[in-house]
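1. Quick one: sequence plus predicted model below, questions after.
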Amino acid sequence: MDTESTYSGYSYYSSHSKKSHRPGERNRERHKSPRSKDGSRSEKSVTIQAPPAEPLLGNDSTRGEEVQDDNWGETATAITGTSEHSISQEDIARISKDMEDSVGLDCKRYLGLTVAALLGLLVFLTPIAFILLPPILWRDELEPCGTICEGLFISVAFKLLILLIGTWALFFRRQTVEMPRIFVFRALLLVLIFLFVVSYWLFYGVRILDSRDRDYQGIVQYAVSLVDALLFIHYLAIVLLELRQLQPMFTLKVVRSTDGESRFYSLGNLSIQRAALVVLENYYKDFTIYNPTLLTASKSRAAKHMAGLKVYNVDAALMAKLKLYITDGPGNNAAGQSRAMIAAAARRRDSSHNELYYEEAEHERRVKKRRARLVVAVEEAFVHIRRLQAEEQQKIPGEVMDPREAAQAIFPSMARALQKYLRTTRQQHYHSMESILQHLAFCITNNMTPKAFLERYLNAGPTLQYDKDRWFSKQWTLVSEEAVTNGLRDGVVFVLKCLDFSLVINVKKIPFILLSEEFIDPKSHKFVLRLQSETSV
Amino acid sequence: MIGVRPRGTPACPLPCPRQQRPPATQQNPFRQRVEIHKLRQGENLILGFSIGGGIDQDPAQNPFSEDKTDKGIYVTRVSEGGPAEVAGLQIGDKIMQVNGWDMTMVTHDQARKRLTKRSEEVVRLLVTRQGLQKAVQQSMLA
């Protein structure tokens, strides 16, 4: 299969059996290994060992290039989950395959950051330089400028302060993502600021420095106009970067490929990569955690469907002899074969739907039974714990426990029921005994009821709830037929792939809403009775 | 005194046509004429049936009408042994005319008044019945 060969590149990090690294996890290995040997198709039960963040970025992107085809640079791009800085490049068109080949990813990140920082420093110091240079260079020739200049100095100072705070608020946020392509608007803004400042310096250099202008007030006003213009550019930045996409225009339907779980998200007018980012941020809190053990049943069913049919290849010579009588020649053999197989499979009377129905009903029943036992066990366990009031603490010196000890005291009575329930719902690899004890201590400390304690175990929760080692989704690839800096449009489809599954995202436009008004006079609410009387005559 | 007659005898101030089924060719075959002689009970003249319907009523609640927007007057109950039953009125009949007065577009109260005029002792109704169409067709074929 295609998918398996793609992921073979990651074999360095994969192992075919899950690691058992917590004490107290009984029966998990026994539970796992029969399943992995099941079926004619091998499962992709790969685990990525928790990798260190930094080198993984460099290694995986280059490895990704080796196993994928040549068009990777044009169409597929990588978004990683943990990084800190955004990139900016000078030329949008030079989206570089060679850049990623020659320079490592680390350089790219820091390049963008240094460019932006230098530009910011230059911009900030320019007005100060404009004001300070004339007194330094030709103080004697300057006209004295009293109150007005001092007023302008104050205004420049405060405007620079406001600009500083605004820039810090807007740009200096900790970036939680690294985008594959440049952030178009940011790059445009940087270019704009650069051109702007350069042109001001040109004018200053030619007209003022060279000619040693004496009108100091004019110079200070020139500096003030620069600061005003910078504030307006800052306003432009806010509108372009933050405000423009606030109004929702598109709805994204996100479907997980393995189990069909889907969600809808509303977005404004974003580029594809930023939309993918929003989807990923919401994925971790909305979608239940990906559980590969839940998929084994459908895989074994799929294997059984095709296993019962065999295809016999008719000899080519015989085919040639029978050429008059059969419509498709030897060339069409493969297509004809598969068609025949599918037709035969459809016609075959199999009772697999019956099995599925009864199996699912049985599973439901078993889960409900175990859940009932678990709830009862936990309730009984919680009955034994009572919180001591402050004044009682002195009266009963012995036997006073802190939450951890209390949790350890009542845990054994519910451990077995909990373990059985987790095994039935195939969640046991997500919770170790240590984590259960911690959660129990936490619930006892916060006065939670048994039901609140069980909330975490009864249903599978979102990915964020679990330990990072258990996530199967830490590195994502954005696969898109269009350039990822294009804006969203109705009907765009892109895929966020991670190792074990992918999220297929379908973009739909929110329709144009025509809202009209109808005024109802409050006095117009009148009613009559509906009669049906019968009169005898 | 003019017009005094013993109780119970039908009043016939005008020459009464004999009550008979009109020949099918002359009249509308789906309608029937019913002549009811009112019965005197104390002060009142009663006919022995109940009506429902009218243009001020809700036609959707009429159980006897085929078309639930029909606001005509329907017979909802016929008391046993009363003058209406004797005359052949059946439950579910729609009253089209009473003594020549149209009853298809009247209010419930107007209908009651037209039926219970103290000066009339005989009322001649023109009724239509759902089963009548089939009965007439069968009799024509036979």
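-> Arrived safely, thanks for sending. Numbering: from 1, shown residues only, chains lettered A, B, ... in the order given.
2. Show the contacting residues for residue A:533.
-> Counting by Cβ atoms under 8 Å, 6 or more residues apart in numbering or on different chains, residue A:533 touches B:52, B:57, B:108. The way it works is simple: take the backbone N, C-alpha and C, and place the C-beta from them, glycine included.
3. One more: residue A:446?
-> Neighbours of residue A:446 in contact, by Cβ under 8 Å, 6+ apart: none.
4. where does chain B dip in pLDDT?
-> Where chain B drops to pLDDT under 70, the residues are B:1-29, B:131-134.
5. swap the cut-off to 80 and go again
-> Within chain B, the segments meeting pLDDT under 80 span B:1-30, B:130-138, B:142.
6. how about the residues of it near chain A?
-> Counting by Cβ under 8 Å from any Cβ of the partner chain, chain B comes close to chain A at B:46-47, B:49-53, B:56-58, B:60-62, B:76-77, B:79, B:108, B:112, B:115-116.
7. Please repeat the previous calculation with a cut-off of 6 Å.
-> Residues of chain B found near chain A (Cβ under 6 Å from any Cβ of the partner chain) are B:47, B:50, B:51, B:52, B:57, B:58, B:61, B:76, B:112, B:115, B:116.
8. For the first one, which non-adjacent residue is closest in space?
-> For residue B:47, ignoring the flanking residues on the chain, the nearest one in space by Cβ to Cβ, 6 or more residues apart in numbering or on different chains is residue A:537 at 4.9 Å.
9. which residues touch that neighbour?
-> Counting by Cβ atoms under 6 Å, 6 or more residues apart in numbering or on different chains, residue A:537 touches B:47, B:115, B:116.
10. rewinding a little: ok, which pair from the residues of chain B next to chain A is furthest apart?
-> With Cβ to Cβ as the measure, no two of the residues of chain B next to chain A lie farther apart than B:47 and B:58, at 24.2 Å.
11. So these two - more neighbours on which side?
-> Taking neighbours as other Cβ atoms under 10 Å in any protein chain shown, residue B:47 and residue B:58 compare with residue B:47 leading, 23 against 16.
12. quick one: the strands in the chain?
-> Unless you meant another one, I'm taking chain A. Along chain A, counting by DSSP state E, strands occupy A:76-80, A:250-256, A:262-267, A:475-480, A:493-497, A:502-509, A:534-536.
13. hmm, I had chain B in mind actually
-> B:31-37, B:39-41, B:44-46, B:49-53, B:73-78, B:94-98, B:101-102, B:122-128.
14. For the stretch 301-450 of chain A, which residue gets nearest to chain B?
-> Going by Cβ to the nearest Cβ, chain B is nearest to residue A:357 of the stretch 301-450 of chain A, at 44.9 Å.
15. tell me the contacts of that residue?
-> With contact set as Cβ under 6 Å, 6+ apart, residue A:357 has no partners.
16. what distance separates stretch A:203-219 from the centre of its chain?
-> 53 Å (Cα atoms, centre = their mean, to the nearest Å).
17. first vs last residue of that stretch, how far apart are they?
-> 11 Å (Cα to Cα, to the nearest Å).
18. which ones are touching the most centrally placed residue in chain B?
-> The centre of chain B sits closest to residue B:125, judged by Cα atoms, centre = their mean, with a distance of 3.8 Å. Going by Cβ under 6 Å, 6+ apart, residue B:125 touches B:34, B:95, B:98.
19. Next one, pLDDT for residue A:290 please.
-> Per-residue confidence (pLDDT) for residue A:290: 87.
20. That one is in contact with residue A:472, isn't it?
-> Yes. Between residue A:290 and residue A:472 there is a contact under Cβ atoms under 6 Å: 5.0 Å.
21. and the longest helix for the chain?
-> Answering for chain A, as no chain was given. Counting by DSSP state H, the longest helix found in chain A is helix A:105-138.
22. right idea, wrong chain: chain B
-> Looking across chain B with DSSP H, the single longest helix is helix B:132-141.
23. Can you give me the end-to-end span of stretch B:42-56?
-> The straight-line separation of the ends of stretch B:42-56 (Cα to Cα) is 31 Å.
24. Can you mark which positions in that stretch are buried?
-> By neighbour count with 16 or more other Cβ atoms under 10 Å in any protein chain shown, stretch B:42-56 contains the buried residues B:45, B:46, B:47, B:48, B:49, B:50, B:51, B:52, B:53, B:54.
25. about what we covered before: could the contacts of residue A:533 be laid out in a markdown table, adding distance to residue A:450?
-> Shown next, in a markdown table, are the contacts of residue A:533 (distance: Cβ to Cβ, whole Å):
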| residue | distance to residue A:450 |
| --- | --- |
| B:52 | 63 |
| B:57 | 62 |
| B:108 | 66 |
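26. between those residues, which is closest to residue A:247?
-> Ranked by distance to residue A:247 (Cβ to Cβ), those are led by residue B:57 at 54.5 Å.
27. thought the closest one was touching residue A:532?
-> Yes. Shown here, residue B:57 and residue A:532 form a contact pair, counting by Cβ under 6 Å, at 5.4 Å.
28. Tell me how many other residues surround residue A:412.
-> Residue A:412 has 9 nearby residues by other Cβ under 10 Å.
29. per-residue pLDDT, it?
-> Residue A:412 carries a pLDDT value of 92.
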